[in-house]
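Q: Sharing a model prediction with you, sequence too.
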Amino acid sequence: MPSASASLIEGNLLLRALRASDQALLAPHLEPAVYAKGATLFEAGSEVTHITFPVEQTVVTLLITTRDGRSAETATIGHEGAVGGVVSQGRVPASTHAVAQIGGLTLRIEAGRLQEAKRRSPAIDNLLARYSDCLLAQILQASACNALHPIEQRCLRWLLTLQDRIGGQTLPITHELLAAMLGVQRTYLTRILRTLQEQGLIRVGRGRITVLDRRQMEGAACECHGRVRDHFEMVLGAVYAADGLDRLEPPPAEGPGGAPERRNGTVRG
């Protein structure tokens with residue numbers, strides 16, 4: 001197994017869950033790829049030639065864009081999953097637009113290579129089938145959430161989903177990007193974030209949102225985040241590593257102007 005792929009495999013929970021023999025089937029065909037923030041993995045209507053496994057803190061969002069240019073998130077995928085023909089079984093036209101929401105490393109495999117590995121290994125086939133079910137559950141729950149729940153709860157659901165995938169309490173997200181994910185105007189979202197900040201749930205900074213009270217956020221959010229997470233855990237096991245979230249340190253205090261407080265000459269946060 002090439003050393004680069006072997007080390008990166010540990011950064012994706014799906015790949016890491018496979019036995020060494022099954023990893024060995026995939027490793028020669030997994031190629032590292034780096035995506036900048038905002039980069040397109042594939043566009044709606046294009047043929048999906050590769051399946052991409054985000055590594056560590058890389059996060060990909062699946063978007064639906066309407067003819068008038070508006071967009072909304074249908075699924076957010078991080079190191080717990082994969083994007084690109086996972087549900088549809090390979091080289092078929094994409095129904096969504098896939099964008100690197102948080103840029104970074106990924107592992108890619110050509111769709112035909114993955115199909116061959118699935119034919120050779122029932123374990124790989126079973127794992128990806130289970131993940132496909134979980135991804136579909138996330139998409140369906142997001143559709144219901146977008147139709148039925150108020151923007152405040154949808155915003156909290158999305159922030160919790162992102163924190164699940166990157167860990168830590170500071171989320172590198174701009175108002176513009178979050179507004180696009182939720183399908184609302186930035187000015188409207190700014191008012192919503194101000195309300196959530198006044199409630200002591202988050203702290204809004206330039207290009208980032210800090211989670212202040214995860215448990216209260218979960219209580220104030222709709223049930224959609226919890227349902228998706230429970231489904232993942234029932235079908236795939238504890239892919240979100242909730243115990244890791246429980247061990248997070250409190251967010252750093254901010255200095256004047258909202259900058260992270262400096263302690264002992266270093267910037268914390």
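A: Perfect, thanks for sending it.
Q: Contact partners for the closest residue to residue 171 other than its chain neighbours?
A: Counting by C-beta to C-beta, 6 or more residues apart in numbering, residue 171 lies nearest to residue 209, which is 4.9 Å off, once chain neighbours are set aside. (Each C-beta comes from the backbone N, C-alpha and C, glycine too.) Residues near residue 209 by C-beta atoms under 8 Å, 6 or more residues apart in numbering: 159, 170-171, 173, 178, 193, 202-203.
Q: between those, which is nearest residue 229?
A: residue 159 (13.7 Å; C-beta to C-beta).
Q: now whichever strand or helix holds the closest one, how far from the centre of its chain.
A: Element membership for residue 159, per DSSP states H and E: helix 151-166. From the chain centre to the centre of helix 151-166 is a distance of 10 Å (C-alpha atoms, centre = their mean, to the nearest Å).
Q: packing partners for the helix or strand just after that helix?
A: Later in the chain than helix 151-166, the nearest helix or strand by DSSP H and E is strand 170-171. Strand 170-171 sits against helix 151-166, strand 208-211, with contacts defined as 3 or more C-beta pairs under 8 Å, 6 or more residues apart in numbering; DSSP states H and E.
Q: Paired strands for the shortest one, with orientation please.
A: Strands flanking strand 208-211 in the sheet, each with its direction: strand 170-171 (antiparallel), strand 202-205 (antiparallel) (DSSP bridges).
Q: Nearest to residue 84, out of those strands?
A: That would be strand 170-171 among the strands paired with strand 208-211, by C-beta to C-beta, at 24.3 Å.
Q: Stretch 174-189: end-to-end distance?
A: This stretch, stretch 174-189, spans 11 Å end to end (C-alpha to C-alpha, to the nearest Å).
Q: quick one: average pLDDT of that stretch?
A: Averaging pLDDT along stretch 174-189 yields 88.
Q: quick one: that stretch to chain centroid distance?
A: 17 Å.
Q: in it, what's buried?
A: For stretch 174-189, burial by neighbour count (16 or more other C-beta atoms under 10 Å) applies to 175, 177-184, 189.
Q: Equivalent analysis for stretch 95-105, please.
A: For stretch 95-105, by 16+ other C-beta under 10 Å, it's 96-105.
Q: Switch the helices and strands packed on strand 170-171 over to CSV; also include distance to residue 32 and mean pLDDT.
A: Below are these laid out as CSV (distance: least, C-beta to C-beta, whole Å; pLDDT from 0 to 100):
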stretch, distance to residue 32, mean pLDDT
helix 151-166, 19, 92
strand 208-211, 27, 94
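Q: Please identify the most buried of these.
A: Burial of the helices and strands packed on strand 170-171 is given as mean neighbour count (mean count of other C-beta atoms under 10 Å); helix 151-166 ranks first at a mean of 22.
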